[in-house]
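1. here is a sequence together with a model predicted from it:
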Amino acid sequence: MINFEFKKSLGQNFINDENIIDKIVKYATVDKDTLVIEVGPGAGVLSKKIIPLSGYTVLYEIDTRLKEILNNTLSGNDNYEIIYNDVLEQNVKEDISKFNYKKIYVVANLPYYITTPIITKLIEEINPDKIVIMIQEEVADRLCATVGSKEYAMITVSLGSKYDIKKLFRVSRNCFTPAPNVDSAVISLDKHDKYDIKDIVFFDKFIKDAFKFKRKNLRNNLKGYDLTRIEDILNKNKYSLSDRAEIIPISLFVDIANSLSK
């Protein structure tokens, strides 16, 4: 990798710390019943440890310059496939339709600049059982935020309604080549069924509108909805339309959305 020209436009910051890789592998708990999706394998330092543990691994790499490097790094394994394209342009569900598996995991060091779109796409398309990813620490804090904190946001509620999210450990910027300008964190998302959401499309639209303007209260952000019904549910739970979305727990968002959805 000494002569490799890293492209900032592709968010190429390759992990260079074996201890960090080993910790990710440990938390991922991949076994032979698992189909793994990895986005942005880079030089394959994580891939070469995940692939032998998995039933099969599908890797998405946008940079075709890495073909030779990845082929060399992953030589000796036959239970993987590399798709050289932007994962956001792929039909991932179709890509994995030919495989048999009991569990599907996502394990990756995601490019900072498209973290949320990738997570959202993979959840919508393939509904992974578990996700273990390294992302920008600021984004990790937002995804793991507790209700009432300044980091608590629409994406916190959206993902938290489907997954238990934990911040596993912090990763210094010095563990990458080249070093990015920010630190990272590894988080895990484990699928749960705590909430019975009647209409997930409506639910996601509803919480997006509730958080639309951070400084506005629910009454202003939710104009166009049945405010009388919303207020009734809020009041029963000791909240009001004068409150902001950031203090409303996920369970209450689910109750309101279920009441409003047809």
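-> Looks like it arrived, so ask away.

2. poorly predicted segments of the stretch 151-262 of the chain, please.
-> 262 (pLDDT under 70).

3. what's the mean pLDDT across stretch 112-130?
-> Averaged across stretch 112-130, the pLDDT comes to 94.

4. pull out the buried residues from it.
-> 112, 114-116, 118-119, 121-123, 125-126, 128-130 (16 or more other CB atoms under 10 Å). Where C-beta positions appear, they are placed from N, C-alpha and C, glycine not excepted.

5. same check on stretch 224-239?
-> Taking 16+ other CB under 10 Å as the criterion, stretch 224-239 shows 225, 230-231, 234, 239 as buried.

6. show me the domain layout of the protein.
-> 8-191, 200-260 (automatic domain parsing).

7. most packed of these?
-> Among those, ranked by average contacts under mean count of other CB atoms under 10 Å, first place goes to domain 8-191 (a mean of 18).

8. chain center to that one, what's the gap?
-> 8 Å (CA atoms, centre = their mean, to the nearest Å).

9. can you show me the strands along this structure?
-> 14-15, 34-39, 56-60, 80-83, 103-109, 130-136, 163-171, 176-177, 184-191 (DSSP state E).

10. now these in JSON lines, with distance to I24?
-> Shown next, in JSON lines, are the strands of the chain (distance: least, CB to CB, whole Å):
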{"stretch": "strand 14-15", "distance to I24": "9"}
{"stretch": "strand 34-39", "distance to I24": "11"}
{"stretch": "strand 56-60", "distance to I24": "14"}
{"stretch": "strand 80-83", "distance to I24": "17"}
{"stretch": "strand 103-109", "distance to I24": "7"}
{"stretch": "strand 130-136", "distance to I24": "6"}
{"stretch": "strand 163-171", "distance to I24": "8"}
{"stretch": "strand 176-177", "distance to I24": "14"}
{"stretch": "strand 184-191", "distance to I24": "6"}
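
11. now, which of the buried residues of stretch 112-130 sits nearest I250?
-> I123 (15.4 Å; CB to CB).

12. so what's that closest one up against?
-> 159, 162 (CB atoms under 8 Å, 6 or more residues apart in numbering).

13. all numbers from here: first residue = 15
-> Yep, numbering from 15; the last one is I137 now.

14. if I look at it, how far off is Y98?
-> 23 Å (CB to CB, to the nearest Å).

15. one more: Y177?
-> Applying CB to CB to Y177 and Y98 gives a distance of 29 Å.

16. and I76, by the same measure?
-> I76 is 7 Å from Y98, by CB to CB.

17. nearest to H206, of the buried residues of stretch 238-253?
-> Of all these, Y253 has the smallest distance to H206: 23.6 Å, by CB to CB.

18. what about that closest one, distance to K164?
-> 18 Å.

19. do F227 as well
-> Taken as CB to CB, the span from F227 to K164 is 15 Å.

20. what's the answer for L136, then?
-> For L136, the distance to K164 - CB to CB - is 27 Å.

21. list the residues that contact the residue lying closest to K222 once chain neighbours are set aside.
-> Using CB to CB, 6 or more residues apart in numbering and skipping residues adjacent in sequence, the residue nearest K222 is M168, 5.5 Å away. Each residue near M168 by CB under 8 Å, 6+ apart is listed here: 221-222, 224-225, 259.

22. let's go with 7 Å and repeat that
-> 221-222, 225 (CB atoms under 7 Å, 6 or more residues apart in numbering).

23. ok, so of these, who is nearest L102?
-> So of these, ranked by how close each gets to L102 (CB to CB), first place is K222, at 19.4 Å.

24. how about the nearest residue to N93 once chain neighbours are set aside, what does it touch?
-> Setting aside the residues directly before and after it, N93 is nearest to Y70 in space (CB to CB, 6+ apart), at 5.0 Å. Y70 is in contact with 49, 93-94, 113, counting by CB under 7 Å, 6+ apart.

25. and Y70, what pLDDT?
-> Confidence score, pLDDT, at Y70: 98.

26. would you check that V59 makes contact with I35?
-> Yes: counting by CB atoms under 7 Å, I35 is a contact partner of V59 at 5.7 Å.

27. between these two, what contacts are shared?
-> With CB under 7 Å, 6+ apart as the test, V59 and I35 both reach I29.
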